[in-house]
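Enquirer: Quick one: sequence plus predicted model below, questions after.
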Amino acid sequence: MGIQVAHLTKAFPNGKGIFDVSFEVQEGEVFGFLGPNGAGKSTTIRHLMGFMKPGSGNAAINGKDAWKESPAIQKVVGYLPGEIAFVEGMNGKQFLDLLSGMRGLKDFTKREQLIERFQFDVKTPIRKMSKGMKQKVGIVAAFMHDPEILILDEPTSGLDPLMQNIFIDLILEEKAKGKTILMSSHMFGEIERTCDRVGMIKEGKLVAVEKVRHMQTMQRKLFDVTVSSREEAESIRSAGFTVIESEPLRLKVAVQGDYDRFIKVLSHCQVNNLDIHSQSLEEVFMHYYEREAKG
Ligand SMILES: Nc1ncnc2c1ncn2[C@@H]1O[C@H](COP(=O)(O)OP(=O)(O)OP(=O)(O)O)[C@@H](O)[C@H]1O
């Protein structure tokens, strides 16, 4: 069960679109869908919600074809669109009431908790809301019926850092309850903190799917070290690590995993200065992804 996308292709007349995209999100898994603007994240997601007919291939949720069984799917999924289409003239509460009515929602506890958590005045007319406030209404709408599957298109866009953190906590709680979640983003940080696996899409093609944990093991640390003699600098240079920058007494060395051996090499030197920088997962992905692109 969960989410399946198989060879999904949709070419727009302008030549853009998505091409042969395949991935699965297992039940209980949180999957991050990462890519730059215009890469095809929303197009893929719209197919999963049954808003678009695939050119070829298919998308399915819990074994149901997203296009053919779209009404049934929309009932069980919590969906946050990239851009929410609000009904003119409503305030936040009226909008949520409308959706609650359409879904036959009886228990409003979760909805009230979410409104409290995201701290916004639900009675504000939507046309007067900031982008962030509208996003909060969208988040409440996606989560309030406690769906088993959540499909979230750039959920933190427009949220300030405090609210981004509240959102990340919410995802982690839902994950702990066993929810299946697909979320798109162009920010690596939130994907790293929440997701089990990440798929990277570029120009309509899925270029890599990896476990976040695996990406983390590929993370390097950059040691910026200043020693007191040229001999010491040479002993570091010849120890078999990747030296990125080299001055007579100062070296920038990339170390991946074998920190202990590097520290032992340093222990024979007089270290006058030391800075350590962890390569971000985004940098790891970029390298990975350039390598994949070159084949
Ligand atoms: N209905 C459409 N007709 C023509 N082109 C489209 C249509 N929908 C999307 N596109 C194009 O397809 C590409 C993928 O768009 P999509 O919205 O899926 O990207 P995205 O990864 O979600 O980007 P963003 O981060 O900007 O939301 C873009 O070049 C977009 O202009």
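Expert: Here it is on my side, so go on. Predicted, not measured: the structure shown is a model, and the values here were computed from it.
Enquirer: Run through the strands of the stretch 151-295 of the chain in chain order.
Expert: 180-185, 197-202, 205-211, 221-227, 242-246, 250-255, 271-278 (DSSP state E, counting those that start in this stretch).
Enquirer: Residues contacting the second one, please?
Expert: The reference is to strand 197-202. With C-beta atoms under 8 Å, 6 or more residues apart in numbering as the test, strand 197-202 has contacts from 18, 21, 23, 29, 31-36, 39-41, 44, 191, 206-212, 215, 285, 289, 293. To be clear about C-beta, it is placed using only N, CA and C from the backbone, and glycine gets the same treatment.
Enquirer: Using neighbour counts, trim those to the buried set.
Expert: 18, 21, 23, 29, 31-35, 39-41, 44, 191, 206-208, 210, 212, 215, 285, 289 (16 or more other C-beta atoms under 10 Å).
Enquirer: Which of those residues fall in helices?
Expert: Lys41, Thr44, Ile191, Val212, Met215, Phe285, Tyr289 (DSSP state H).
Enquirer: filter these down to the ones close to the ligand.
Expert: Lys41 (C-beta under 6 Å from any ligand atom).
Enquirer: for the ligand, what are the nearby residues on the protein?
Expert: Residues of the chain lying near the ligand (C-beta under 6 Å from any ligand atom): 12, 14, 16-17, 35, 37-43, 82, 186.
Enquirer: Who are the contact partners of the nearest residue to Cys269 once chain neighbours are set aside?
Expert: Closest residue in space to Cys269, ignoring its immediate chain neighbours: Glu232 at 4.0 Å, by C-beta to C-beta, 6 or more residues apart in numbering. Counting by C-beta under 8 Å, 6+ apart, Glu232 touches His268, Cys269, Gln270.
Enquirer: Give the burial count for the last one, as a bare number.
Expert: Same thing as Gln270. 10 (other C-beta atoms under 10 Å).
Enquirer: Skip the chain neighbours and tell me the closest residue to it.
Expert: Ser228 (4.3 Å).
Enquirer: returning to that earlier point: return the most buried member of the strands of the stretch 151-295 of the chain.
Expert: Of all the strands of the stretch 151-295 of the chain, strand 180-185 carries the top mean neighbour count, a mean of 25, counting by mean count of other C-beta atoms under 10 Å.
Enquirer: Okay, now the unreliable bits of the stretch 51-200 of the chain?
Expert: For the stretch 51-200 of the chain, no stretch is flagged by pLDDT under 70.
Enquirer: What distance do you get for the residue of the stretch 101-250 of the chain found nearest the ligand to Asn62?
Expert: Closest contact between the stretch 101-250 of the chain and the ligand, by C-beta to the nearest ligand atom, is at His186 (5.7 Å). His186 sits at a distance of 28 Å from Asn62 (criterion: C-beta to C-beta, to the nearest Å).
Enquirer: Could you name the helices and strands sitting against the longest helix along the chain?
Expert: Longest helix of the chain, by residue count under DSSP H: helix 161-176. Other elements packing on helix 161-176 under the criterion 3 or more C-beta pairs under 8 Å, 6 or more residues apart in numbering; DSSP states H and E are helix 109-117, helix 131-143, strand 180-185, helix 188-194.
Enquirer: Could you find the closest non-adjacent residue to Gln279?
Expert: Nearest to Gln279 is Arg220, by C-beta to C-beta, 6+ apart, at 4.7 Å.
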